[in-house]
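1. Quick one, structure for this:
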Amino acid sequence: MNNIHILDCTLRDGGYCNEWRFGLNNMKKITSGLQEAGIEVIECGFITNRISYDPDVSKFVSLSDIAGVIPSNREGKLYVAMMNYGEFNVDDLPIYDGSSIDGIRVAFHKRNLNEALDVCRKIKEKGYLVFIQAMVSLNYSDEEFLSLIRSVNSFNPYAFYIVDSFGMMKGKALTRLFYMVEHNLNDNIWIGFHSHNNMQLAYSNAQQLVSVQTNRNLIIDSSIYGMGRGAGNLNTELFIEYLNENAGKNYNLKPILVLIDEILSGFYQMNYWGYSLPNYISAAHNAHPNYAGYLDDKKTLTIEGMNDIFDMMDEEKKVSFDKVYIEELYLKYMARGQTQEEHKNELIDLLRGKRVLLIAPGKSSVEESEKIIKFIDENTIVISINHVYEAVAPHYIFISNSRRFRDLPEDKRNSCIITSNITAEGVYYQEKYKELTNQEESVFDNAGLMAIKFFMRYNVEGIYLAGFDGYSHDAAENYGSSDLAFVTRNAILDAMNVGITKVLGIYKNSVKIEFLTSQKYVHI
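-> I've put the predicted structure just below:
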């Protein structure tokens, strides 16, 4: 079955996991390794006018930049780059001379279809192979898809793709689209398939497609180790082994395994990718995976809550990620719910002139428990944040995270001070969520900062912080209990440390704030 080719998109789609910062030497190793493995089409990255050139990044400003990562002897392999519609001026594209990439993949949304196809025609006129990447194929009606195919036939590009942008295409839908393309696309145009793994279907869908009885030339996209945004892509190493065993192909697996061992596994440790419930939910709602990433990074929502936010989304907003829009939805969702201030006057009397000790679940709260116990006297009100502190019995538990509240023992809830985003009965006090947020994006609803803002309004003598350690890149170092640990991107952790420090600096102008235990990553 030599009519099946693999297009490896590691340097392009994989770049969503590391901001395309593979490093020049690694990029050269990847292209050389893929070529040695026998991969027929190798994608080098993006070409765009929207950045300044960086030799260590697989986003390129010019074709001469891309040439630097392509082996001098190509051994008959095709090298391509992707262009997002509107991000590169085709007039800047030189006439094809074989010195750089052989083809360009043009990705576009349905709303830009006509203009994008005009760009594709211009690229072909300059001598390049053109790959049509109409994103989110399932968002086209049958008539719209057939009309697209007819438009593509009019200028005869190299390949036309079925694109499962959100990783939610089932086998039946793929087969239906394939036969629509097969029966209507010009015979000499290759049919491509680009998938994502949000529902763990990339591998099975690729197998199903190559098992179809057809004489058409097929291109299947994959990436090494499945590297790609969110749930990632079809794994190159898995699929070439399948093709070797079932389709008479003769790919060399060893160079791919070496690349995983020497390069890709390191990137995976820094910023993992793969199947997750948030990515599944985004696919189930036919929504851009960045929405799932945004909500998951909050670490404040249950899966049910995340699903509720997707239910709130307008259909037309799901296709392209809009950060402002999802922030608005998140705030709207979190600000819902009721307040319960029955004990407000009691709190005012209890807290007036007292020391408030806020105990966050950082590792220092366990390692320095003796210091905490020694600090507490009759003038100290002890509050644990988002957990039950075991070394001493807190007077109250402050919780703003619905996940943490869900895990709390029932008998502790009558001493809880919670925010209004949590649905609960029988708690001691419930405050409006929006009243306790701040203006720093990375930590605007951080539980510790919300607790400080709550108690600083009660004329306390001072607020003392224990377990407010900040965040290490090593998840095991962040919490006194492994049950509370979470894993997220290092860049997010760094931004949280900066944000907490900044907000603490503002709050200390209104109330005395001191650290009781050691803090490693935040300060005042």
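2. Any buried residues in stretch 150-162, and which?
-> Within stretch 150-162, the residues that qualify as buried by neighbour count (16 or more other CB atoms under 10 Å) are 152, 155, 157, 158, 159, 160, 161, 162. For the C-beta atoms, the positions are set from N, CA and C on the backbone; glycine is no exception.
3. list the contacts for residue 452?
-> By CB atoms under 8 Å, 6 or more residues apart in numbering, the contact set of residue 452 is 358, 463, 465, 504, 507, 511, 513.
4. which residues are in contact with the lengthiest helix in the chain?
-> Looking across the chain with DSSP state H, the single longest helix is helix 490-507. Residues outside helix 490-507 that contact it (CB under 8 Å, 6+ apart): 270-271, 297, 438, 440-443, 446, 448-449, 452-453, 456, 468, 470-473, 513, 521-524.
5. From the chain's centroid, how far away is it?
-> Relative to the chain's own centre, helix 490-507 is displaced by 21 Å; criterion: CA atoms, centre = their mean, to the nearest Å.
6. that older thread, now which of the contacts of helix 490-507 would you call buried?
-> The neighbour-count test (16+ other CB under 10 Å) marks 271, 438, 440, 442-443, 446, 448-449, 452-453, 456, 468, 470-472, 513, 521-522 as buried among the contacts of helix 490-507.
7. among those, which are in strands?
-> Assignment to strands by DSSP state E places the following of the buried ones among the contacts of helix 490-507 there: residue 513.
8. Residue 477: what's it in contact with?
-> residue 363.
9. Look up how far residue 362 lies from it.
-> 9 Å (CB to CB, to the nearest Å).
10. Ok, residue 81 next?
-> In terms of CB to CB, residue 81 sits 45 Å off from residue 362.
11. now swap in residue 104 and tell me
-> For residue 104, the distance to residue 362 - CB to CB - is 50 Å.
12. Looking at those two, which one has more neighbours?
-> When neighbours are counted by other CB atoms under 10 Å, residue 104 and residue 362 differ, and residue 362 comes out ahead with 30 against 27.
13. pretty sure the more buried one is touching residue 479, no?
-> Yes: under the criterion of CB atoms under 8 Å, residue 362 makes contact with residue 479 at 6.6 Å.
14. Between those two, which contacts overlap?
-> Common neighbours of residue 362 and residue 479, using CB under 8 Å, 6+ apart, do not exist here.
15. residue contacts, the residue nearest the centre of the chain?
-> Nearest to the geometric centre of the chain sits residue 293, at 3.9 Å (CA atoms, centre = their mean). With contact set as CB under 8 Å, 6+ apart, residue 293 has these partners: 229, 230, 278.
16. Turn the contacts of residue 452 into JSON lines, including pLDDT and distance to residue 131.
-> Formatted as JSON lines, the contacts of residue 452 follow (pLDDT from 0 to 100; distance: CB to CB, whole Å):
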{"residue": "358", "pLDDT": "97", "distance to residue 131": "56"}
{"residue": "463", "pLDDT": "97", "distance to residue 131": "59"}
{"residue": "465", "pLDDT": "96", "distance to residue 131": "55"}
{"residue": "504", "pLDDT": "95", "distance to residue 131": "51"}
{"residue": "507", "pLDDT": "96", "distance to residue 131": "54"}
{"residue": "511", "pLDDT": "95", "distance to residue 131": "60"}
{"residue": "513", "pLDDT": "96", "distance to residue 131": "57"}
